[in-house]
Each structure stands twice: as C-alpha cells, then as structure tokens.
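Trainee: Below: sequence and its predicted model.
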Amino acid sequence: MKAAKKIFESALEEGRTFVLEHEAKDIMKSYDIPIPKYETAASPDEAAEKSKKIGFPVVLKILSKDILHKSDAGGVKLNLKNEDEVKTAFSEIMENAKGYGKEKGIDVDLSRGVFITEFVEMGTEVIVGVTKDAQFGHALMFGLGGIFVEVLKDVTFRLIPLREIDAREMVSEIKAAKILEGVRGENPRDVEALIDVIMKVSKMVEENPDIIELDCNPTFIYEKGKGALVVDARILIEGEDTAQSSH
C-alpha cells in the first residue's frame, strides 16, 4: 500500500494521472500479483546487462511520460535474443521516440530509457480490469481477452471489494468459461491462480481508491498448476482534472 501511495504522489507531482509501466509493475509486485521479471535501463549497455540478468528472449519498451501508446511511436521491440539485438533495439527505440516527438511537436523526455521484461510464453488470454463509477464506486471486470473482449463483449462485472465467491461466479458466468475448463483436447487452465489474481487486484484497488482505471491486459492463464502472469498493466489515477470530471 505504501509503495503505491508513493508512486501516485510522484506521478501527480510530475503532472501525470497515469503511472509508468515499471511503476505499475512495482505496485503489482507489492501485492504479490504474478508478473514477468522486469528491469529498467537508461543506456544500451545497461539494457544489455539487465537483459542478460533477466534471461533471453526479452522485450524492450520506451519509458516516457510523453508516450502513452508505445507501439504507435515505434517504442516496442519484441523477442530480442541476445545482447547485440538489445543494444540495437535500444538505439532504434530512442530514435523512433525522438522522431515521434518531432512529428507531434513535443519534446519527448527520454531520460528514463527503456522498460525490459522477459518474453513470456503465451497462455490463455484474459483481461482483469477496474473502472470507477461516480455513483457506485469501483467495479472489477473480467473476461477472456483478445477477440472475446473486442468482438463478443463477453465480460462480467462486480463491485469492489469482492469476496472469493464473487470471483468464482465471475469466472464461471462468462460465455467462454468452457475454454478455461478445457475443450477440444486442451488441458484445463489454472482457475485457482486466476481467482487469486482477481482477489489481489480487488484488494489493491480497495486500499488505493485513487485508482480510477486499471487494465491487466493481457493476463495469461497457464495449464492447471502452472499459474498466471499479468503481462501488461495500465493504471490511471485521480488527479485534479479527473477528480472534477468524475464527480
């Protein structure tokens, strides 16, 4: 809880109503939410060294308060297999970010360098999200990821705080629930690990009501007994602007 408060304070001091990726992962880590290994690096050599520590292959992403949509800015490099690839990727990401800044007419802050994370094996993709309603407060959303969210809108909601029975109901009531149970020769997914993630996200938001929006997307669920990983996390927090608009 203290870790989150500190991160939110420094974000607001910088005029941000969102947290950077490593900050989101730091908060998740403090709530024991399973995430891939990660580091940050401010130079090509440091990035190569930290990548080696994490273990190849890795993913590099730009870390900048001025770039929210990293892919649009050419700020993401996937599946980097060795130190040379990491160094090259670091330089390319910085060049792309500078070009993006010129195009948008902004002076992009590149001082934080890059976020490095392990390139993890895909699991069944789910989304765990949170929204804040002015009337009802925080609600947690769960659904299968990818096309199921985008096209089928196959999601379910509960108000926070959740009880474990609520989390279990959410997992079983989406139309695609059978995919988690194992269909067409697929092994069942680790539903217990998924319940654990949902409950920890609920606790995190309950203890940090400044969060107005959160997306753990994608979250990968592996075979039964093999756990889950929140691969990407986005957290928006209440600043002066958002506070006015949500009341």
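Mentor: Received the coordinates, thanks.

Trainee: so what's K6 up against?
Mentor: Contacts of K6 were listed using CB atoms under 8 Å, 6 or more residues apart in numbering, and none were found. Every residue, glycine included, has its C-beta placed from N, CA and C.

Trainee: where's it relative to H22, distance?
Mentor: 14 Å (CB to CB, to the nearest Å).

Trainee: so what's L68 closest to, chain neighbours aside?
Mentor: Excluding its sequence neighbours, the residue lying closest to L68 (CB to CB, 6 or more residues apart in numbering) is F18, at 7.0 Å.

Trainee: Pull out the buried positions in stretch 137-154.
Mentor: For stretch 137-154, the buried set under the neighbour-count rule, 16 or more other CB atoms under 10 Å, comprises H138, A139, L140, M141, F142, G143, L144, G145, F148, V149, D154.

Trainee: Pull the most distant pair out of these.
Mentor: Using CB to CB, those span at most 22.9 Å, a distance reached by H138 and F148.

Trainee: coming back round to it: in CSV: the buried residues of stretch 137-154, plus pLDDT.
Mentor: Converted to CSV, these look like this (pLDDT from 0 to 100):
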residue, pLDDT
H138, 98
A139, 98
L140, 98
M141, 97
F142, 97
G143, 95
L144, 90
G145, 86
F148, 73
V149, 77
D154, 89
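
Trainee: Which of those fall in strands?
Mentor: H138, A139, L140, M141, F142, G143, L144 (DSSP state E).

Trainee: where's the last one relative to Y222, distance?
Mentor: Per CB to CB, L144 is found 15 Å from Y222.

Trainee: list the contacts for E223?
Mentor: E223 sits next to N187, P188, R189, D190 when contact means CB under 8 Å, 6+ apart.

Trainee: between those, which is closest to N82?
Mentor: For these, with N82 as the reference and CB to CB as the criterion, the closest is D190, at 31.5 Å.

Trainee: Go ahead and confirm that closest one touches K226.
Mentor: Yes - assessed by CB atoms under 8 Å, D190 is found in contact with K226 at 5.7 Å.

Trainee: Spit out the contact partners of F220.
Mentor: Counting by CB under 8 Å, 6+ apart, F220 touches V120, E121, M122, G123, T124, E125, V126, A228, L229, V231.

Trainee: Then E21?
Mentor: E21 touches K61, L63, F115, D232, A233, counting by CB under 8 Å, 6+ apart.

Trainee: 7 Å instead, please
Mentor: K61, L63, F115 (CB atoms under 7 Å, 6 or more residues apart in numbering).

Trainee: Could I get the average pLDDT for the longest helix along the chain?
Mentor: With secondary structure taken from DSSP state H, the chain has its longest helix at helix 83-104. Mean pLDDT, helix 83-104: 95.

Trainee: If you count neighbours, what's buried in that helix?
Mentor: E83, E85, V86, K87, A89, F90, I93, M94, N96, A97, Y100, G101.

Trainee: Packing partners of the helix or strand M199 falls within?
Mentor: Per DSSP states H and E, M199 falls inside helix 191-207. If you count contacts as 3 or more CB pairs under 7 Å, 6 or more residues apart in numbering; DSSP states H and E, helix 191-207 packs onto strand 124-133, strand 137-144, helix 164-173, strand 211-221, strand 228-230.

Trainee: Ok, which of these comes nearest G75?
Mentor: Minimum separation from G75 across the helices and strands packed on helix 191-207 (CB to CB) falls at strand 211-221, 18.0 Å.

Trainee: how far is that closest one from where the chain is centred?
Mentor: Computed by CA atoms, centre = their mean, to the nearest Å, the chain-centroid distance of strand 211-221 equals 5 Å.

Trainee: Which among the contacts of F220 count as buried?
Mentor: G123, T124, E125, V126, A228, L229, V231.

Trainee: Done for today, thanks.
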